[in-house]
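K.L.:
Below are the sequence and a predicted model; questions follow.
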Protein chains: 2
Amino acid sequence: MKKSILRFSAAARLPAGFRATGIVAGLKASGQPDMAMFFSDAPAALAGTFTTNQVKAATVRLDSERVATVGMAHGVVVNSGQANACTGKNGLRDAQAMAAHAAQQFGVAPEMFLVCSTGRIGIPLRMDIILPGIEKLAQAVVPGGGESAARGIMTTDTRPKRFTVPFIANGKPCRLTGIAKGAGMIQPCMATMLAFLLTDAKVDRRAMQKALKAAVDKSFNRISVDADQSTNDTVLMLANGRAGNTALKPGHRDWPSFVAALDGVTFRLAMEMVRDGEGAQKMVTVRVQGARTPADAEAAARAVANSFLVKTSWVGSYPNWGRIMDALGYSPAKVDETKVEIRYDNLLAAQNGVKEGASIEQLSKVAAKKEFLITIDLHLGRHAATVYSCDCTEEYVRINK
Amino acid sequence: MKKSILRFSAAARLPAGFRATGIVAGLKASGQPDMAMFFSDAPAALAGTFTTNQVKAATVRLDSERVATVGMAHGVVVNSGQANACTGKNGLRDAQAMAAHAAQQFGVAPEMFLVCSTGRIGIPLRMDIILPGIEKLAQAVVPGGGESAARGIMTTDTRPKRFTVPFIANGKPCRLTGIAKGAGMIQPCMATMLAFLLTDAKVDRRAMQKALKAAVDKSFNRISVDADQSTNDTVLMLANGRAGNTALKPGHRDWPSFVAALDGVTFRLAMEMVRDGEGAQKMVTVRVQGARTPADAEAAARAVANSFLVKTSWVGSYPNWGRIMDALGYSPAKVDETKVEIRYDNLLAAQNGVKEGASIEQLSKVAAKKEFLITIDLHLGRHAATVYSCDCTEEYVRINK
């Protein structure tokens, strides 16, 4: 295992053969960057995971089909401000036109481009702004444009989210860069979030798809901002093989390094999304253990992490373990209140379902921290689950009203 | 059906043979009223429904057992400020002591009194304040004390909630009075809410239990403030028979009048709870029709009514039907986005899943109203469900932090 030597940096230093940029195309009244592009000079192996919402943006329908049928890509064009969801046949036609227009700029086949949109649902895309934007992007993409692209995909994010990690495959230096946007609607399975994972390693496409799915389940699928789930969630991964290694897959001696790099980047991006949840000031890790079944552990952790009474209580730094008990009780998980144990970091707050251990003053010190851990032991079995959550502040309401 | 002639008044004019009051016992730092009592001079037939939360307050455990085994009661003592939930064996002992102490003041058997508590979870009851409070209440109960009792049970409610309706049974004048508290934690099945229904009609106990359950399902179980569900929800009904009618039950010619009175009072109390939801400024009725199954109709309506992205959008009066589509899509209900139709009051907002009909300006006028109706037709079947919801304002966060 080479996990221990990986050095993750909070920067978007693109892997070899990739170019990117972000621009102000004019979709947002605020004048903030609203389009971005990622491009690989060589065709790259493609993997992707998408929202499980039954209402899917046109871009999700287009990209998921291309992941399944084409399996390769040269690039991705992204716009924020408009979601291209609930836009019907016109929306799908617009998404196709965006991909085709982008591909045309580089002289590659139209199906070699993917499209992501994020923003307001149900309004027709401003193609009069987007098509010229694509031309501008295609001219502006540069190897050093990762940071610019990270800003171009932001919506209510307060800061760009990106990580880069070098790793070795067949002795050759490789790199993996992840760039994401998060903010609201984060729950239970990937929310208004987009993430792009780029590597210059050569990776077997099927193995990459499985590794990506596993990485997403441990990262983006374990965070909760407001329990809403978006129509547009997309994670795309491109591996262009420029490093010159033999294709990574299980059994390859450097496969564990690749997986560790992928898991590490996705997890760090996910944590950044929670920390930067709409209006969030605190990140709280909710761990349920001692559950009867894995599903019970999951349901109990999500009930607590999603409860607005719990999330608002974190704002005030009051260790309101009673609201945690309440949320556990209405969760679908089997709970016996006389067995429940709750800890704030390592301080005992409740045992056998009643107040025990540390004083409210001691617990308040933990609850006042920017980041803390709540451990709930149901004492009914041996299953555990962890969800990463944030507080719900007045600012959350201001952003979304 | 005598439904049409029932006159509901927003007042707590207690039925014959009942006395009540509310007092400041000293449980709340604010100095607001914090205890109340209801007493029937004659033993009354008793019915009750309770929270389905697995974590149950001591009072819920005590009262539900008395409803099941005693079936009669003389009175109820209520405190706000402390929930007596997650208080273990001591909590149950305290609840029993409260009932016994109240019963003792009137010289009736201890099991003829019920107890309700509401407030913060997990702290031991201040019996040193509550027991003297009970003595004070017992001396202060009066036939004209309904309004005072309605204030004594309030927590974050901004106004008392009570309705009285006269009806006729065997030609004798009867009355039904309902007094309730609501506010936060309102969802899906009775939330931090208490309601007391008092009548001087004689009612068959089993029939009354069934009618109460049916009334609660159509009222308190159909409202949503924040999707949280409390440990303390309790609805109690006492019928003391002072009117001198023959016992009301199905088949009795005046049974429909009684049911209409009960349904009308509980529904009005439930609507008052939504209107006065914590921080709420608007009441929005969410109706889903055309669902494949009753469960689908219910799940879709609750997903929309509980979504914080939908609820926060109502604050700003923007007709954000896209967030409704999003919530429908992640609900467990079967949804085909190409068939969904959404209306604000009678204005079409979306058809076949895309924008259609009224302009955003026209829809905004509806969304700016204090109360409006959102109708969602899934066009997949013939089942419908309605949930009464409210907006989620910054004030909600302020109250709960």
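P.N.:
Done, it's in.
K.L.:
Can you point out the buried residues in stretch A:6-15?
P.N.:
A:6, A:8, A:12-15 (16 or more other Cβ atoms under 10 Å in any protein chain shown). The way it works is simple: take the backbone N, C-alpha and C, and place the C-beta from them, glycine included.
K.L.:
confidence score at residue A:300?
P.N.:
Residue A:300 is assigned 95 on the pLDDT scale.
K.L.:
residues near the closest residue in space to it that isn't next to it in sequence, how many?
P.N.:
Using Cβ to Cβ, 6 or more residues apart in numbering or on different chains and skipping the chain neighbours, the partner closest in space to residue A:300 is residue A:333 (3.9 Å). Residues near residue A:333, counting by other Cβ atoms under 10 Å in any protein chain shown, number 25.
K.L.:
Contact partners for residue A:333?
P.N.:
For residue A:333, the contact set (Cβ atoms under 8 Å, 6 or more residues apart in numbering or on different chains) comprises A:288, A:291-292, A:295-297, A:299-300, A:303, A:378.
K.L.:
what about the strands in the stretch 201-350 of chain A?
P.N.:
Counting by DSSP state E, counting those that start in this stretch, one finds strands in the stretch 201-350 of chain A at the ranges A:223-224, A:234-239, A:283-291, A:341-344, A:347-351.
K.L.:
okay, those strands in a markdown table with mean pLDDT and mean neighbour count next?
P.N.:
Formatted as a markdown table, those follow (pLDDT from 0 to 100; neighbours: other Cβ atoms under 10 Å in any protein chain shown):
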| stretch | mean pLDDT | mean neighbour count |
| --- | --- | --- |
| strand A:223-224 | 76 | 26 |
| strand A:234-239 | 97 | 27 |
| strand A:283-291 | 95 | 23 |
| strand A:341-344 | 97 | 23 |
| strand A:347-351 | 96 | 20 |
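K.L.:
Can you lay out those as JSON lines showing distance to chain B?
P.N.:
Output for the strands of the stretch 201-350 of chain A, formatted as JSON lines (distance: least, Cβ to the nearest Cβ, whole Å):
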{"stretch": "strand A:223-224", "distance to chain B": "11"}
{"stretch": "strand A:234-239", "distance to chain B": "15"}
{"stretch": "strand A:283-291", "distance to chain B": "13"}
{"stretch": "strand A:341-344", "distance to chain B": "10"}
{"stretch": "strand A:347-351", "distance to chain B": "7"}
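K.L.:
Need the ones you listed in JSON lines (columns: distance to residue A:40).
P.N.:
Listed next are those as JSON lines, based on distance: least, Cβ to Cβ, whole Å:
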{"stretch": "strand A:223-224", "distance to residue A:40": "28"}
{"stretch": "strand A:234-239", "distance to residue A:40": "6"}
{"stretch": "strand A:283-291", "distance to residue A:40": "34"}
{"stretch": "strand A:341-344", "distance to residue A:40": "46"}
{"stretch": "strand A:347-351", "distance to residue A:40": "50"}
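K.L.:
Tell me which of those strands lies nearest to residue B:254.
P.N.:
strand A:347-351 (50.6 Å; Cβ to Cβ).
K.L.:
List the contacts of the closest one.
P.N.:
Contacts for strand A:347-351 (Cβ under 8 Å, 6+ apart): A:319, A:321, A:325, A:340-343, A:355-358, A:362-363, A:366, B:86, B:122.
K.L.:
Can you pull up the most central residue in chain A?
P.N.:
For chain A, residue A:220 is the residue whose C-alpha lies nearest the centre (Cα atoms, centre = their mean; 4.2 Å).
K.L.:
Just confirm it contacts residue A:197, I think it does.
P.N.:
No: using Cβ atoms under 8 Å, residue A:220 is not in contact with residue A:197; the gap is 11.3 Å.
K.L.:
Can you pull the residues that touch both of these two?
P.N.:
A:235, A:266.
K.L.:
distance of residue A:196 from residue A:41?
P.N.:
When distance is defined by Cβ to Cβ, to the nearest Å, residue A:196 is 16 Å away from residue A:41.
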